[in-house]
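Novice: Sequence isn't available, so here's the structure alone:
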């Protein structure tokens, strides 16, 4: 499996979570309560899996490799991706605050959380499309098989060191449970 294939596969899992977040936003918009434990699980997925693991692979390894291969950071696709990663982090921090304020009778808090969820989902779906359709195509064209192998090894090491053994599988189990609860 190529490094970009691994990142695309992670995008598929992230896409499931984004659809869950859409369903949560809809429930909040209809005045329904959402389980606090589920919200915590969602935030952990966004913070640890999406940002620390997935974005870490891109920022620490893929993007520098692309820069070495001549892809511009400033005024280029890498710079755009980095700006969007930062925007995602800001939205997740605001979501954490909004989720903490949810409770019976707090319609304004639910509306704030709903809007933030929608903004995050829109950002990430667009972001992943740009990576899949532009940046990863550039990577596949510019990085030779040796460099790609180095990236795959670096990704595996990052995952072990940053999120720990078994966490990837635990996040997929969480996705399955949330998907069943919110999408079926």
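Specialist: Yes, it's here. If you're wondering where the values come from, they're calculated on a predicted model, not measured in any experiment.
Novice: if I look at the most centrally placed residue in the chain, how far off is residue 175?
Specialist: For the chain, the residue nearest the mean C-alpha position is residue 50 (3.3 Å; CA atoms, centre = their mean). Per CB to CB, to the nearest Å, residue 50 is found 12 Å from residue 175. All C-beta spots, glycine's among them, are computed from the backbone N, C-alpha and C.
Novice: Nearest residue to the residue nearest to the centre of the chain in space, please, no chain neighbours.
Specialist: residue 14 (5.8 Å; CB to CB, 6 or more residues apart in numbering).
Novice: ok so, going back, spit out the residues that contact residue 50 and residue 175 alike.
Specialist: residue 17 (CB atoms under 8 Å, 6 or more residues apart in numbering).
Novice: Same question for the host helix or strand of residue 120: list its buried residues.
Specialist: Residue 120 is part of helix 107-130 when elements are defined by DSSP states H and E. Residues 109-110, 112-114, 116-117, 119-121, 123-124, 127-128 are the ones in helix 107-130 that count as buried (16 or more other CB atoms under 10 Å).
Novice: Next: stretch 39-51.
Specialist: In stretch 39-51, counting by 16+ other CB under 10 Å, buried: 39, 41-43, 45-51.
Novice: Equivalent analysis for stretch 10-28, please.
Specialist: Applying 16+ other CB under 10 Å to stretch 10-28 flags 10-11, 13-14, 16-25, 28 as buried.
Novice: What's the separation between the residue of the chain positioned farthest from its centre and residue 27?
Specialist: The centre of the chain is farthest from one residue, residue 105, which by CA atoms, centre = their mean lies 30.7 Å away. Residue 105 is 16 Å from residue 27, where distance means CB to CB.
Novice: So which other helices or strands are in contact with the helix or strand hosting residue 176?
Specialist: Secondary structure assigned from DSSP H and E places residue 176 in helix 167-183. If contacts are counted by 3 or more CB pairs under 8 Å, 6 or more residues apart in numbering; DSSP states H and E, helix 167-183 sits against helix 3-29, helix 36-44.
Novice: tilt between that helix and helix 3-29?
Specialist: If you take axes from the mean of the first three to the mean of the last three CA atoms, to 10 degrees, helix 167-183 sits at 40 degrees to helix 3-29.
Novice: What's the mean pLDDT across helix 167-183?
Specialist: In this model, helix 167-183 carries a mean pLDDT of 94.
Novice: Can you list the buried residues in it?
Specialist: By 16+ other CB under 10 Å, the buried positions in helix 167-183 come out as 167, 171, 174-175, 178, 182.
Novice: quick revisit: quick one: which of the buried residues of stretch 10-28 is nearest residue 159?
Specialist: Nearest to residue 159 among these: residue 10, at 10.2 Å, using CB to CB.
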